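Asks: Below is the sequence, then the predicted model.
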Amino acid sequence: MIDDIFCKIIKGELPADKVYEDDEFLVIKDIHPQAPVHLLIIPKKHIFGMHDATQELLGQAMMVADKVAQHVGVVEKGYRLILNEGEHGGKLVPHFHIHLLGGKALGTKIVK
Ligand code: AMP
């Protein structure tokens, strides 16, 4: 059975600061925020990463990201979506998720 940290949050076994929830997705605040707004868009179904993801899931995740961006008020000034994949991508949690960052000017550098 897969039991990563996001599965535990989805099952209610670990606390999280929830921002949005529907049948398919949970959106929580990142525990180590890198910007004033730092959210994680997480599918409730355990999906490891891009290789498991369907076109439908990717599309839904993007739509949820924009809906939540509107909800938290970062659409007008803008926001950044990040998806870390694999070792070189810096992925830490083995459960598909997209980072939504905003609330300040993030600059033009994607990599420090
Ligand atoms: P990634 O490198 O894309 O796998 O990033 C995983 C993210 O999950 C990191 O930004 C962590 O700060 C965040 N994170 C880890 N555990 C928790 C948690 N319990 N609640 C919220 N965010 C978490």
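Replies: Received the coordinates, thanks. Numbering: from 1, shown residues only.

Asks: Could you export the longest strand belonging to the chain as CSV, keeping only the C-alpha atoms?
Replies: Criterion DSSP state E: the longest strand present in the chain is strand 37-43. Written as CSV, here are the backbone C-alpha positions of strand 37-43 (Å, rounded to 0.1, in the frame of the first residue of the first chain):
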residue,chain,number,x,y,z
VAL,A,37,1.5,32.3,-1.4
HIS,A,38,2.8,28.7,-1.8
LEU,A,39,0.2,26.1,-2.4
LEU,A,40,0.3,22.5,-3.5
ILE,A,41,-2.3,21.1,-5.9
ILE,A,42,-2.6,17.4,-5.1
PRO,A,43,-4.7,14.7,-6.7
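
Asks: Okay, buried residues for the lengthiest helix in the chain please.
Replies: When the chain is parsed with DSSP state H, its longest helix is helix 55-72. The neighbour-count check on helix 55-72 (16 or more other CB atoms under 10 Å) flags 57, 60-61, 64-65, 68-69, 72 as buried. C-beta here means a position set from N, CA and C on the backbone, and glycine is covered the same way.

Asks: ditto for stretch 13-22
Replies: 16, 19-20.

Asks: Tell me which residues are up against it.
Replies: 5, 8-9, 26-29, 39, 64, 67-68, 71-72 (CB atoms under 8 Å, 6 or more residues apart in numbering).

Asks: Need the mean per-residue confidence for it.
Replies: The average pLDDT within stretch 13-22 is 97.
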